Every structure is written in C-alpha cells, then in structure tokens.
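**Student:** This is a predicted model, with the sequence first.
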Amino acid sequence: MTLRLYWQDAYQRTFEARVLQRLTHKGYPAVVLDQTAFYPTAGGQPHDTGKLNGVEVIEVLEHGDDIVHVTSAPIEDEVVHGALNWARRFDHMQQHSGQHVLSQAFVRVAGLDTVAVHIGKEVCTIDLPTAQLAPETVARAEAEANAVVWEDRPIRAFIVDEAEIARFPLRRPPKVRGAVRIVEVQEYDWSACGGTHVRSTAQIGAIKIVRAEKRGKETRVTFICGQRAFADYVQLHHNVAQIMERLSAPRYQVAEAVQRALGSAQRMRKALQEARVRLAAYEAEALLAQAVPFNGGRCVVHVFEDRDPEEVRLIARAVCAQQPTVALLGVAGEQGQLIFARAEALPHVDAAALLRQALAALFPQGGVKGGGSAVFAQSSGFAVDRDRLRAVLNALAARLSMPL
C-alpha cells in the first residue's frame with residue numbers, strides 16, 4: 001500500500017520515498033513507491049506531474065491500494081526524491097475546492113445536486129439534473145459561491161468510520177464502503193472526496209461561470225476559479241480595450257457600440273449583395289450575347305480568373321433566368337471551381353451529370369468532388385489553368401449540340 005502524503009498535507013511539494021516495484025504502463029516505465037505526494041487521476045481531478053530524481057512523471061494512476069508513477073525514462077535508484085509541478089497541483093486544488101462550493105451553491109439556490117464533475121486543463125464542468133436552468137438561477141448560484149469565498153471559511157479533510165457517516169450532511173452518499181474521507185467547507189458543504197484542496201475558501205479565488213448549456217435532460221455548467229479566472233479576466237479586458245479603442249466606446253457601453261456596428265455591417269452586407277446581384281445580371285447579359293445555340297436552347301461557356309465563386313454562382317443563376325439556357329462556368333487559378341446551371345425549360349439537360357463529365361475529363365484519376373441537382377451543380381475547389389479548363393468546357397458544350 002502506498003502512503004498518500006497528499007492526504008496528510010496537500011501543500012507538500014517534495015518528498016523522499018523507496019521504490020517498491022518496477023513495471024511498465026502502455027510501453028512506458030513506471031514505479032510504485034512506499035509513499036508519494038503525487039495525486040493520481042481520480043474523482044474528476046487530473047493527476048499531478050513533476051519529477052522523480054529528475055525524471056519526468058507523465059502520468060499517475062491508482063492500482064488497487066498502490067499508486068503507479070509512469071515516467072519518461074526508467075528509474076534505477078532504490079530511493080527517489082520527488083518534486084511536484086506545484087503550479088499544476090495548486091491550480092487543481094483551486095478548481096476542485098471551487099467545485100465543492102459551487103455545487104453546494106446550486107443545491108442551496110435551486111435544489112440541484114451535481115451528478116458529474118470534470119476538472120479540465122482549461123475549464124471545469126459540473127452537470128446538473130435539469131434541462132431548464134434560468135440565467136437568473138446561474139447568476140444567483142455564482143454570487144452565492146463567491147460570497148462563501150470572501151468569507152474565508154476553513155476547508156478541512158478528515159476520515160470517519162462508516163458508522164459515523166450519518167452524522168454528516170453529505171451532499172451525496174459515498175461510493176465506497178467502510179471508512180470515508182470527508183472534505184468540509186466549514187458549516188457549508190460536506191462531501192466524500194479523496195481529492196486535494198486549498199486550506200480556506202479565500203485561496204480558491206474568484207469563481208466564474210462562463211457557460212451553461214443544455215445537454216439532453218441535464219445542464220452542463222462550465223466554470224473557472226482562481227488563477228484561471230484572473231487570466232480569463234486579463235484576456236477579456238485586453239479584448240474589450242481593443243474594441244473600445246476601435247469603436248471609440250466608453251468602457252460600459254461596448255455592447256451597445258458593437259450592436260450598432262453589427263447593424264451597420266448587416267445593412268452594408270445587404271446593400272453589397274444587392275449590388276452583386278445587379279452586377280451579375282449585367283454580366284449575364286454580356287455572356288448571353290456570346291451564347292452558342294444547341295438543340296432548342298443556348299449554352300454559355302466562360303472561364304473566370306481567380307473570381308469569387310459566390311459571384312459566379314449569381315451569374316450562373318442570372319444566365320439561366322433567361323429561358324432556355326445552360327451555363328457552363330468555371331473559375332481558373334489556385335482556387336478553381338466548376339459551376340453549372342440550366343433553365344427549367346430544358347429538362348433533358350442534367351447539370352449534375354455534366355459536372356461529372358467535366359471532372360472526369362479534368363481529373364481522370366479522381367480526387368475532386370462535386371454534386372448538386374439537375375438544375376444546379378458545383379465542384380469542390382481545385383487548381384487548374386485557364387486554357388485547360390476552357391478546352392474541357394468547350395468540348396462539353398460541343399457535345400450538347402449533338403442530336404438527341
């Protein structure tokens with residue numbers, strides 16, 4: 001059995017230990033020690049990292065009563081000096097302690113107990129058993145949790161016998177039998193937990209909920225604590241300061257300024273789209289003047305150079321608005337594309353079939369995709385020169401002129 005030093009003192013950063021066993025885990029060397037300050041992945045909390053005699057500890061996991069330390073290289077010594085990556089450990093302590101407080105806050109504010117916990121590398125989550133969580137409830141729980149932080153309540157961990165568990169108002173019943181380790185946020189929360197925690201709620205720092213999203217019958221609340229919350233604020237402040245400067249907006253009127261800018265941009269996009277449609281109509285008229293007749297219709301063939309495909313699509317539709325017409329349009333260059341369309345009055349012409357023929361001629365080995373309907377079809381992007389593309393389209397138009 002490995003003695004778990006982190007249960008005695010979660011702030012212990014270094015230790016000495018004897019190697020009890022050497023083994024491998026997923027191809028990496030690993031050791032079991034007689035005692036350790038390294039926390040293994042458990043209870044939603046990630047494992048610690050650090051070094052054993054200068055060798056990187058890349059994973060820590062439980063194996064029965066033992067704790068396995070997976071290392072980047074073999075350790076030959078019988079006695080090791082362990083040193084934690086303290087920044088990672090303390091971050092996990094802040095997040096895990098903050099989770100206890102936030103989970104209890106949701107119990108008190110909304111009667112919602114946490115059904116799942118995850119402490120991630122960037123954010124943490126708790127899952128609540130409801131699909132309907134009002135923003136006002138989220139705000140109240142966040143305010144409640146931070147009020148507990150400011151009260152600087154002590155956090156302590158202790159082990160009780162199974163017979164004594166009923167004396168404590170645990171938020172959730174323990175998952176194990178026998179003696180249980182309880183983490184208490186003084187006179188606020190009692191949880192059966194084997195994780196590492198800070199000494200008082202003040203060391204959690206700010207608790208900030210960043211998102212609440214429905215996931216089936218549950219709601220996932222994403223939050224950050226302490227140093228993560230501070231770093232998040234710094235980044236958000238930097239971003240808002242840039243927006244303030246660019247929009248010449250006062251600090252607390254940024255949202256209104258952004259809304260005005262978005263409205264202006266939307267109006268400009270609408271006006272631009274209308275202008276592009278009018279321009280497409282003019283270009284379509286010019287192309288129709290050069291249309292080639294075929295079997296009761298007209299065929300427009302044209303290759304654009306490095307043209308926005310959206311504009312070409314508009315031109316194709318404008319061409320085919322004139323009955324009865326087929327448009328075989330291409331874009332040459334590094335971002336080439338084929339865009340085919342036909343008027344409703346030509347049901348015997350299949351734009352998708354024409355597209356497949358063109359792609360087969362351009363790329364006999366395949367690799368370029370395309371699709372659509374009999375009325376409109378287009379390809380994915382590809383690189384092609386203008387002359388080769390024009391030759392393929394002209395050959396396709398010539399086949400259209402053949403007797404039916």
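**Tutor:** In hand now; what should we look at? Residues are numbered from 1 along each chain as shown.
**Student:** that's a helix at residue 137, yeah?
**Tutor:** Yes - according to DSSP: H, G, I helix; E, B strand; the rest coil, residue 137 belongs to a helix.
**Student:** That one and residue 107 touch, don't they?
**Tutor:** No - Residue 137 is beyond contact range of residue 107, at 12.0 Å (criterion: CB atoms under 8 Å). The way it works is simple: take the backbone N, C-alpha and C, and place the C-beta from them, glycine included.
**Student:** Give me the buried stretch members for the helix or strand in which residue 314 is found, please.
**Tutor:** Element membership for residue 314, per DSSP states H and E: helix 309-320. Neighbour counts over helix 309-320 (16 or more other CB atoms under 10 Å) mark 309, 311, 312, 313, 314, 315, 316, 317, 318, 319, 320 as buried.
**Student:** Quick one: residues contacting the third one.
**Tutor:** Right, residue 312. By CB atoms under 8 Å, 6 or more residues apart in numbering, the residues touching residue 312 are 304, 329, 331, 337, 339.
**Student:** ok, now which ones touch the last one?
**Tutor:** Looking back up the chat, that one is residue 339. Counting by CB under 8 Å, 6+ apart, residue 339 touches 309, 312, 313, 316, 327, 329, 330, 331, 377, 378, 379.
**Student:** From residue 311, how far out is it?
**Tutor:** To residue 311, residue 339 is 10 Å away according to CB to CB, to the nearest Å.
**Student:** go on, the third one?
**Tutor:** Distance of residue 331 to residue 311, given as CB to CB: 9 Å.
**Student:** before we move on, back to that, quick one: which of the contacts of residue 312 has the most company?
**Tutor:** Comparing the contacts of residue 312 by number of neighbours (other CB atoms under 10 Å), residue 339 comes first, having 27 neighbours.
**Student:** sorry, back to before: of the buried residues of helix 309-320, closest to residue 297?
**Tutor:** residue 320 (10.3 Å; CB to CB).
**Student:** need the contact list for the closest residue to residue 91 other than its chain neighbours.
**Tutor:** Nearest-residue entry for residue 91: residue 227, 6.2 Å, with adjacent residues in sequence omitted and distances by CB to CB, 6 or more residues apart in numbering. By CB under 8 Å, 6+ apart, the contact list for residue 227 reads 90, 91, 94, 205.
**Student:** Out of the residues you listed, who's the most crowded?
**Tutor:** residue 94 (25 neighbours).
**Student:** quick one on the thing from earlier: where helices are concerned, which of the contacts of residue 227 count?
**Tutor:** If you go by DSSP state H, these have 90, 91, 94 in helices.
**Student:** Please convert these to a markdown table, extending it with distance to residue 365 and pLDDT.
**Tutor:** Formatted as a markdown table, the ones in helices among the contacts of residue 227 follow (distance: CB to CB, whole Å; pLDDT from 0 to 100):
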| residue | distance to residue 365 | pLDDT |
| --- | --- | --- |
| 90 | 57 | 98 |
| 91 | 52 | 98 |
| 94 | 56 | 98 |
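**Student:** Residue 385 contacts residue 332, correct?
**Tutor:** Yes - the criterion here is CB under 8 Å, and residue 385 meets it with residue 332 at 6.1 Å.
**Student:** before we move on, back to that, just send the ones in helices among the contacts of residue 227 back as CSV, with distance to residue 177 too.
**Tutor:** Shown next, in CSV, are the ones in helices among the contacts of residue 227 (distance: CB to CB, whole Å):
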residue, distance to residue 177
90, 32
91, 32
94, 31
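**Student:** Return the member of these nearest to residue 33.
**Tutor:** Closest to residue 33, out of all of the ones in helices among the contacts of residue 227 and judged by CB to CB, is residue 90, at 21.9 Å.
**Student:** Check the gap between the closest one and residue 228 for me.
**Tutor:** Distance, residue 90 to residue 228, by CB to CB: 11 Å.
**Student:** swap in residue 322?
**Tutor:** 61 Å.
**Student:** And the protein, split by domain according to the record?
**Tutor:** Domains of the chain are assigned by automatic domain parsing as 3-84, 90-233, 280-400.
**Student:** Now render the ones you listed as TSV, adding distance to residue 272.
**Tutor:** Listed next are the domains of the chain as TSV, based on distance: least, CB to CB, whole Å:
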stretch	distance to residue 272
domain 3-84	49
domain 90-233	33
domain 280-400	11
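**Student:** Of those, which is nearest residue 263?
**Tutor:** Residue 263 sits nearest to domain 280-400 of all the domains of the chain, at 22.7 Å, using CB to CB.
**Student:** Mind jotting down where the strands sit in the stretch 101-250 of the chain?
**Tutor:** For the stretch 101-250 of the chain, applying DSSP state E, counting those that start in this stretch gives strands covering 116-119, 124-128, 155-160, 180-185, 189-192, 207-215, 218-225.
**Student:** which stretch among those comes nearest residue 62?
**Tutor:** strand 180-185 (14.0 Å).
**Student:** what is the mean pLDDT for stretch 353-362?
**Tutor:** Regarding stretch 353-362, the rounded mean pLDDT is 94.
**Student:** List the buried residues for that stretch?
**Tutor:** Per 16+ other CB under 10 Å, stretch 353-362 contains these buried residues: 354, 355, 358, 359, 362.
**Student:** Could you list the low-confidence segments of the chain?
**Tutor:** Applying pLDDT under 70 to the chain flags the ranges 402-404.
**Student:** Check this protein for its longest strand and report it.
**Tutor:** For the chain, the longest strand by residue count, based on DSSP state E, is strand 325-342.
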